[in-house]
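**Student:** this one's structure only:
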């Protein structure tokens, strides 16, 4: 890049505040990440508002280096800016996502059987039936909010099945999860988000307490009977992992579903390719997850002084890993700025990598695959019916509202061959 162009980009982007949700809604945010990968791949972000500064890593290579290295980078002080900048995560050492080895491995084994690929296949039939019912109610019935009517319901129903949550509480959990790490508008304060997260924890505390006295099927019962080093898990430990599964599993699926439908509406050629027999469903799902990147970053804290990309990171420094940038790294993905439904290999980092690779990845992939498969079987045409609403967050990325109309194959044929006038 010529010096004059570098100066212009530095002037344009140099002072962006990544802790501000509005930054991530800038129309040129992907240009920012392209510039960062080239000009500042390992960048020190100054502290804002009395909060500590942090490192920003934006290339696929550097993210992989940190994801793999649990010896020099810890998750136990938090794994997103929300907790890292506030001094730590109260669930550290209890919740899988913010627990370091060796306890991390022991916890992961307890949860893995309930979230394995085999376990997910047993959920598929029920998931398909539910999705078919939801779509049947909406296809050809005029404009509706896909985010609210379908994408917000399918993941919650599935996770609640895993956790043994009664059907009557599903809508309550949908409402709370949407406000825990993001907001539908700019008016929600950090205190509001904290209060919602506390409400979710209190809900699970009551659910776990009931399961202690009246055990039922599902992951909660499995955790209550489990032992690590001969000791059972406390209520707080079980609650923390239920909370993590709810937020992590629900958000990735929901935001990817919404993003995929938005893409199909805006890019008819991608929709046409997806509906063709030549496109493998699993491969297409991976590309949608790469493209939409529901969780923009993960975070770590350095355990020791370590050099990355020629920069010295000191022990105790916060290091943020921006998947939203790495997933479009030109040095790792051919043609990263376009959707390729047949992209192979597809080493995206939307689920992280290494020991902390998202435990709910099988679940997220299954939910997205089933919904998109049922949409392409039943729907001929997808059209936007209004402006989608973005979410406001420095962690999550996507839409909270997506008005669309879905036209069925049968209706499309009728419209193209109208009956003659009587």
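**Tutor:** Looks like it came in fine. Because the structure is predicted, anything quoted here is derived from the model rather than measured.
**Student:** burial measure for residue 302, as a count.
**Tutor:** Using other CB atoms under 10 Å, residue 302 has 20 neighbouring residues. For the C-beta atoms, the positions are set from N, CA and C on the backbone; glycine is no exception.
**Student:** need the next SSE after the helix or strand where residue 307 lies, C-terminal direction.
**Tutor:** Assessed by DSSP states H and E, residue 307 sits inside strand 306-308. Going down the chain from strand 306-308, the next helix or strand is strand 311-313, by DSSP H and E.
**Student:** can you give the contact residues for that following strand?
**Tutor:** 42, 44, 55, 302, 305, 306, 307, 319 (CB atoms under 8 Å, 6 or more residues apart in numbering).
**Student:** and the helix or strand containing the second one, how far from the chain's centre?
**Tutor:** For residue 44, the host element (DSSP H and E) is strand 42-45. Put simply, strand 42-45 sits 24 Å off its chain's centre (CA atoms, centre = their mean, to the nearest Å).
**Student:** which helices and strands does it pack with?
**Tutor:** strand 54-57, strand 311-313 (3 or more CB pairs under 8 Å, 6 or more residues apart in numbering; DSSP states H and E).
**Student:** could you dump these to a markdown table with mean pLDDT, distance to residue 131 and mean neighbour count?
**Tutor:** Shown next, in a markdown table, are the helices and strands packed on strand 42-45 (pLDDT from 0 to 100; distance: least, CB to CB, whole Å; neighbours: other CB atoms under 10 Å):
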| stretch | mean pLDDT | distance to residue 131 | mean neighbour count |
| --- | --- | --- | --- |
| strand 54-57 | 98 | 37 | 23 |
| strand 311-313 | 98 | 45 | 16 |
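**Student:** next, the buried residues of stretch 359-368.
**Tutor:** 359, 360, 361, 362, 363, 364, 365, 366, 367, 368 (16 or more other CB atoms under 10 Å).
**Student:** hang on, the earlier thing: filter the contacts of strand 311-313 down to the buried ones, ChimeraX style.
**Tutor:** Per 16+ other CB under 10 Å, the buried members of the contacts of strand 311-313 correspond to this ChimeraX selection:
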select :42,55,302,306,319
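**Student:** closest to residue 342 among the contacts of strand 311-313?
**Tutor:** residue 42 (32.9 Å; CB to CB).
**Student:** how about the closest one, what does it touch?
**Tutor:** Going by CB under 8 Å, 6+ apart, residue 42 touches 55, 56, 57, 62, 308, 309, 310, 311, 313.
**Student:** and with 6 Å instead?
**Tutor:** Contact analysis of residue 42 by CB atoms under 6 Å, 6 or more residues apart in numbering lists 57, 308, 309, 311.
**Student:** in TSV: those residues, plus distance to residue 37.
**Tutor:** What follows is the contacts of residue 42, written out as TSV (distance: CB to CB, whole Å):
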residue	distance to residue 37
57	10
308	14
309	11
311	15
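**Student:** one step back: wait, which of the contacts of strand 311-313 is closest to residue 69?
**Tutor:** residue 306 (8.0 Å).
**Student:** that closest one and residue 78: what is the separation?
**Tutor:** Using CB to CB, to the nearest Å, one gets 18 Å for the distance from residue 306 to residue 78.
**Student:** how about the helices and strands packed on strand 42-45 in JSON lines, adding distance to residue 100?
**Tutor:** What follows is the helices and strands packed on strand 42-45, written out as JSON lines (distance: least, CB to CB, whole Å):
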{"stretch": "strand 54-57", "distance to residue 100": "19"}
{"stretch": "strand 311-313", "distance to residue 100": "18"}
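**Student:** which one of those lies closest to residue 109?
**Tutor:** Closest among these, using CB to CB: strand 54-57, at 29.4 Å.
**Student:** run through who's touching the closest one.
**Tutor:** 42, 43, 45, 63, 313, 318, 319, 320, 321.
**Student:** apply 8 Å and report the result again.
**Tutor:** Under CB under 8 Å, 6+ apart, the answer for strand 54-57 is 18, 36, 40-45, 47, 63, 66, 81, 84-85, 299, 308-309, 311, 313, 317-322.
**Student:** same check, this time on stretch 135-152
**Tutor:** Contacts of stretch 135-152 (CB under 8 Å, 6+ apart): 131, 134, 174, 178, 253-255, 257-258, 261, 371, 374-375, 378-379, 385-386, 388, 399-408, 411.
**Student:** buried only: go through these for me.
**Tutor:** Among these, those buried by neighbour count (16+ other CB under 10 Å) are 131, 134, 174, 178, 253-255, 257-258, 261, 371, 374-375, 378-379, 385, 388, 399-408.
**Student:** can you map out the helices along the stretch 51-200 of the chain?
**Tutor:** Under the criterion DSSP state H, counting those that start in this stretch, helices of the stretch 51-200 of the chain are mapped to 60-68, 81-84, 103-112, 117-138, 146, 154-163, 170-180, 190-213.
**Student:** ugh, wrong one, the stretch 301-422 of the chain
**Tutor:** 323-326, 361-378, 409-416.
**Student:** nearest to residue 120 among these would be which one?
**Tutor:** helix 361-378 (4.7 Å).
**Student:** other SSEs contacting the closest one?
**Tutor:** helix 117-138, helix 154-163, helix 235-266, helix 268-275, helix 281-292, strand 403-408.
**Student:** let me see the contact set for the spatially most central residue of the chain.
**Tutor:** When CA atoms, centre = their mean is applied to the chain, the residue found nearest the centroid is residue 252 (2.9 Å). Counting by CB under 8 Å, 6+ apart, residue 252 touches 289, 294, 295, 350, 351, 358, 360, 364.
**Student:** ok, for the fourth one, nearest residue in space, not its chain neighbours?
**Tutor:** Sequence neighbours aside, residue 289 is the residue nearest to residue 350 in space, at 4.8 Å (criterion: CB to CB, 6 or more residues apart in numbering).
**Student:** pull the contacting residues for that neighbour.
**Tutor:** Taking CB under 8 Å, 6+ apart, we find residue 289 in contact with 252, 256, 348, 350, 351, 364, 365, 368.
**Student:** any idea of the pLDDT on the closest residue in space to residue 386 that isn't next to it in sequence?
**Tutor:** Computed as CB to CB, 6+ apart, the closest residue to residue 386 that is not its neighbour in sequence is residue 403, at 3.5 Å. With respect to pLDDT, residue 403 scores 98.
**Student:** kindly report the same for residue 217.
**Tutor:** Note on residue 217: pLDDT of 69.
**Student:** quick revisit: reformat the buried residues of stretch 359-368 as a markdown table; add pLDDT and distance to residue 120.
**Tutor:** Below are the buried residues of stretch 359-368 laid out as a markdown table (pLDDT from 0 to 100; distance: CB to CB, whole Å):
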| residue | pLDDT | distance to residue 120 |
| --- | --- | --- |
| 359 | 83 | 12 |
| 360 | 83 | 10 |
| 361 | 86 | 10 |
| 362 | 86 | 5 |
| 363 | 87 | 6 |
| 364 | 89 | 10 |
| 365 | 91 | 8 |
| 366 | 91 | 5 |
| 367 | 92 | 9 |
| 368 | 95 | 12 |
